[in-house]
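Colleague: Provided below for reference: sequence and predicted model.
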There are 2 protein chains.
Amino acid sequence: MKHVAIALLGCGTVGKGIVDLLEKNADLIEEQLDTKITIKRILIRNLAKYERMDLPKSIALTTEFSDIINDDDIEIVVEVMGSADFAKECIEACFKKGKSVVSANKDVIADYGIPLLKMSQEHNVDFQFEASVAGGIPIIRPMYSSLNSNRIDRIIGILNGTTNYILSNMTERGLSYEDVLQEAQDKGYAEADPTNDVSGYDAARKIAILATLGFHSAVTFRDVAVEGIERITQEDISHAEEMGYAVKLLAIATQSDDGISLSVHPAFIPKQHPLANVSGAYNAIYVRGNGVGDVMFYGQGAGAFPTASAVLSDVMNVILHTNLTITGKRGYVWHQVPLVDPSHIEAPYYLRIIVDNAPGVLSSIAGIFAENGISIRSLIQKDETKEVAEIVLLIDSSADGLVRDALQRMTGLSCVRRIANAIRVIEI
Amino acid sequence: MKHVAIALLGCGTVGKGIVDLLEKNADLIEEQLDTKITIKRILIRNLAKYERMDLPKSIALTTEFSDIINDDDIEIVVEVMGSADFAKECIEACFKKGKSVVSANKDVIADYGIPLLKMSQEHNVDFQFEASVAGGIPIIRPMYSSLNSNRIDRIIGILNGTTNYILSNMTERGLSYEDVLQEAQDKGYAEADPTNDVSGYDAARKIAILATLGFHSAVTFRDVAVEGIERITQEDISHAEEMGYAVKLLAIATQSDDGISLSVHPAFIPKQHPLANVSGAYNAIYVRGNGVGDVMFYGQGAGAFPTASAVLSDVMNVILHTNLTITGKRGYVWHQVPLVDPSHIEAPYYLRIIVDNAPGVLSSIAGIFAENGISIRSLIQKDETKEVAEIVLLIDSSADGLVRDALQRMTGLSCVRRIANAIRVIEI
Ligand SMILES: NC(=O)c1ccc[n+]([C@@H]2O[C@H](COP(=O)([O-])OP(=O)(O)OC[C@H]3O[C@@H](n4cnc5c(N)ncnc54)[C@H](OP(=O)(O)O)[C@@H]3O)[C@@H](O)[C@H]2O)c1
Ligand SMILES: NC(=O)c1ccc[n+]([C@@H]2O[C@H](COP(=O)([O-])OP(=O)(O)OC[C@H]3O[C@@H](n4cnc5c(N)ncnc54)[C@H](OP(=O)(O)O)[C@@H]3O)[C@@H](O)[C@H]2O)c1
């Protein structure tokens, strides 16, 4: 049996998961590859912390990356640290030394995926990152090796477990945004600083990676128009429920003759749609190809073992390539495709507007919509108090720019107290 | 740009879909491979029929397989005819001539998958069959190249579109089994002879293929315990709904320390489970791995373009392998694993029993369950007429053999008119 030595950079949630899953499944993994895998070294910062951990004695812990990069035994380096700049430096150093890299680091890949892939090819090594999007769900490899006979028209993902957990619990248990977030933090589901998740940036990184591969296009996460879930209230959730929708944070990439559009935003989605039923910490990716039609991939988007499952399947792939002597031989095709101006993207919208409870209010609001060519599909006025009323509207598909403009002008009306929310309706 | 000539055996729904999808997506497919693909010849039986079809003039139609097998230009043969014996002969002949084969033929693969894979390796050619299970849904390649770091514990599939269409429409529109079947036949969704679908044999073939790959085990479709949907009535569907379940035809493969069990049968599944929401002609495969947890793959399990999408991705894979000179180099691992006796498999059951509306009936029935160590979870007695009553029961998880035995003995009771149905409840 052949033998491959690997190193891990990082031994947190994912790193420890890799150590444990490899130990658990060693036999079946090695049998498939006819190759024994040894984790020889692990890079961490705080030695004492990991010496207390229950790691196999055969693994050498180090705080010096040079111990890994200069060890010619190590053929594959698994980067599961998480920072951006240092991780990128390490990955590049590995390529230069002829070591293949497997990474779970969406931050690095959403920013530098294409340059890193190119560099890996120049150095004839593999670079794989299945775990960087949707944890354990196989999506990166299926996208390029199973859906590659299709022109991918659209990718819609529920890609962030924290926000999906918050929205699911607001819906199912009627709790407020703040209460669920607090609970998620207490239980360790959400970070102490949840900004990256709730503001949509985490999902933006992942949809950028998927669009890069699915559309064969050079995009980065800076091309994504991002909106988070911070403004979603229990009122919005209840209105959605009444109208037959679920509220989800969706990451959406579309490709048409006009170009590519990339966005992350909360959306109303029909309750009977498969994506509406993805709840809790689960993730899903819904892809439309021009041959296959709609396919969905569903599973756990995070966690030690699910993420380790994806990382180890990448490691297995790299070893298969080595055994077949085709390391670094994968070809990629990228095009420069124009981005569609987000203000031109059309969708129906749900709008919630708080107004004075006075005659003439509705006609002023309707007037502004009419001026912007926006037609109202349905309108419910709810009396909140004697003085204040809540207007809930569904408008027909309209360009985002026109909707924003109309709402902006409405805030200038003396009878309008505030625009409580404007949420796109995804009708698929 | 390199060039590969391929041939199709068959030009029906799938074959024509391949011709059309390849034409539609030629640029993006060829760009990824740096290789031009030409369909050079197509084998059919009835020349006149296909000469009337709108096929590109560059394709040579033939009724002689020898025209294809003796054409040294042709590197890849795509078998989309559908019969069993002739297709198998053709595939073997291709291997012997050094031609790789892509097939969508579940009948051949469920029966001879492993011998054919072995033979392809002996002849250093590829044999791929993504389209043989669940049409366009990527499942075969993800199973062996993305979930391969896991021990797969369980595979549950909705793998037959016709039966899922029938059950969905019985549920959503309250129609009888016979009426929906008739409608499906009229619309061309169901075959004139629907036996293969409604009796569960089609799903059995597909779950055998998935279990072979997922469990690395040498099983065939003859190892599957099969039960169809013919006995499901509107009463069963309504009772399921009331109790919070959907009725689905499930193909289930499990692997435990005792061995492998393979079955196809109708089942009650909780309404909030993702599989319960797979309706119409859609398919889904729900896989549990010991690392990844539960993942689901969902999409169209049939149709010209979805199936062609899977076939063409296989063709692309074969070409990639040729370009990398690794054709036929994939290793497989198979084990002989014992099959669990189906009568030992435990599940809760829903039972519907038609009895005389007389005192003492319930106690006789309950007595038989007690003797077989079966506990009753809930029981509803419905009066149908003055003379006849319907008893609907849920029993706790019990071995299939014990349940069958109890039901058998009940039919011996003078007060029991008939056992209307016994359906397993899947609690996941
Ligand atoms: N957690 C998930 O479920 C999940 C899912 C998908 C992808 N990912 C990605 O996987 C990566 C790792 O995530 P994680 O949850 O495992 O993170 P984590 O629990 O915070 O662990 C990070 C590990 O990396 C080490 N590390 C960080 N910076 C380092 C540096 N500069 N030098 C040396 N060691 C360093 C840490 O060591 P010290 O303790 O000594 O600082 C720790 O062992 C991230 O990119 C994340 O986005 C995570
Ligand atoms: N239809 C789907 O959605 C779907 C999905 C997944 C997998 N599949 C599988 O794909 C295969 C093809 O299905 P299909 O729906 O395309 O079948 P189909 O519409 O019945 O077409 C079969 C084709 O094969 C030709 N053929 C059959 N036997 C032949 C023989 N002995 N010699 C020469 N030509 C022969 C027929 O030619 P003539 O017309 O001249 O007889 C016809 O062109 C089957 O294995 C099926 O299980 C189908």
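Modeller: That came through, no problem. Ligands and ions are numbered 1, 2, ... in the order given.
Colleague: pretty sure A:Asp34 is touching A:Met316, no?
Modeller: No: judged on CB atoms under 8 Å, A:Asp34 makes no contact with A:Met316 at a distance of 11.5 Å. The C-beta positions use only the backbone N, C-alpha and C, and glycine is treated the same way.
Colleague: can you tell me the strand partners of the helix or strand of chain A with the lowest mean pLDDT and which way each runs?
Modeller: Lowest on mean pLDDT, DSSP states H and E among the helices and strands of chain A sits strand A:376-383, with a mean of 86. Strand A:376-383 has the following strand partners under DSSP bridges: strand A:388-399 (antiparallel).
Colleague: could you give me the buried positions within the strand it pairs with?
Modeller: By 16 or more other CB atoms under 10 Å in any protein chain shown, the buried positions in strand A:388-399 come out as A:389-395, A:398-399.
Colleague: which one among those gets closest to ligand 1?
Modeller: Nearest to ligand 1, judged by CB to the nearest ligand atom, of those is A:Ala399 at 34.8 Å.
Colleague: beta partners of the closest one?
Modeller: Beta-bridge pairing for A:Ala399 (DSSP bridges): A:Glu346.
Colleague: and it, what is it in contact with?
Modeller: A:343-346 (CB atoms under 8 Å, 6 or more residues apart in numbering or on different chains).
Colleague: so who does A:Glu172 touch?
Modeller: By CB under 8 Å, 6+ apart, the residues touching A:Glu172 are A:Ser279.
Colleague: make it 10 Å
Modeller: Residues near A:Glu172 by CB atoms under 10 Å, 6 or more residues apart in numbering or on different chains: A:237, A:279-280.
Colleague: chain neighbours aside, what residue packs nearest to A:Asn105?
Modeller: A:Ala87 (5.3 Å; CB to CB, 6 or more residues apart in numbering or on different chains).
Colleague: pretty sure the one you found contacts A:Phe129?
Modeller: No: assessed by CB atoms under 10 Å, A:Ala87 is found out of contact with A:Phe129, at 11.4 Å.
Colleague: just the buried ones out of the contacts of A:Glu172, please.
Modeller: By 16+ other CB under 10 Å, those give A:237, A:279 as buried.
Colleague: keep only the contacts of A:Glu172 that also lie close to chain B.
Modeller: Contacts with chain B within those, counted by CB under 10 Å from any CB of the partner chain: A:Ser279.
Colleague: okay, and which of the contacts of A:Glu172 map to strands?
Modeller: Using DSSP state E, no member of the contacts of A:Glu172 falls in strands.
Colleague: let me have the contacts of A:Glu172 in JSON lines, extended by pLDDT.
Modeller: Shown next, in JSON lines, are the contacts of A:Glu172 (pLDDT from 0 to 100):
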{"residue": "A:Ile237", "pLDDT": "97"}
{"residue": "A:Ser279", "pLDDT": "92"}
{"residue": "A:Gly280", "pLDDT": "90"}
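Colleague: okay, the contacts of A:Ala399 in JSON lines with distance to B:Thr233 next?
Modeller: Formatted as JSON lines, the contacts of A:Ala399 follow (distance: CB to CB, whole Å):
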{"residue": "A:Ser343", "distance to B:Thr233": "55"}
{"residue": "A:His344", "distance to B:Thr233": "53"}
{"residue": "A:Ile345", "distance to B:Thr233": "48"}
{"residue": "A:Glu346", "distance to B:Thr233": "47"}
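Colleague: just to revisit the earlier point, and the buried residues of strand A:388-399, which two are the farthest apart?
Modeller: Farthest pair in the buried residues of strand A:388-399 (CB to CB) is A:Ala389 and A:Ala399. Separation: 27.7 Å.
Colleague: that older thread, who touches both of A:Ala87 and A:Phe129?
Modeller: By CB under 10 Å, 6+ apart, the residues touching both A:Ala87 and A:Phe129 are A:79, A:101, A:103, A:105, A:108-109.
Colleague: how about whichever residue of the stretch 251-400 of chain A sits closest to ligand 1: what's its closest non-neighbour residue?
Modeller: Closest to ligand 1 within the stretch 251-400 of chain A is A:Ala302: 3.2 Å, counting by CB to the nearest ligand atom. In space, and not counting its chain neighbours, A:Ala302 is closest to A:Gly135: 4.6 Å by CB to CB, 6+ apart.
Colleague: go ahead and confirm the one you found touches A:Ala284.
Modeller: No: contact criterion CB under 10 Å: A:Gly135 and A:Ala284 do not qualify, at 11.7 Å.
Colleague: the more surrounded of these two?
Modeller: A:Gly135 (30 against 25; other CB atoms under 10 Å in any protein chain shown).
Colleague: how about the residue of the stretch 251-400 of chain A closest to ligand 1, what does it touch?
Modeller: A:13-14, A:131, A:134-136, A:160-162, A:189, A:281-283.
Colleague: also near ligand 1: which of those, exactly?
Modeller: A:13-14, A:131, A:135 (CB under 6 Å from any ligand atom).
Colleague: quick one, domains of chain A?
Modeller: Domain ranges of chain A: A:2-132+A:304-323, A:140-300, A:343-425, per automatic domain parsing.
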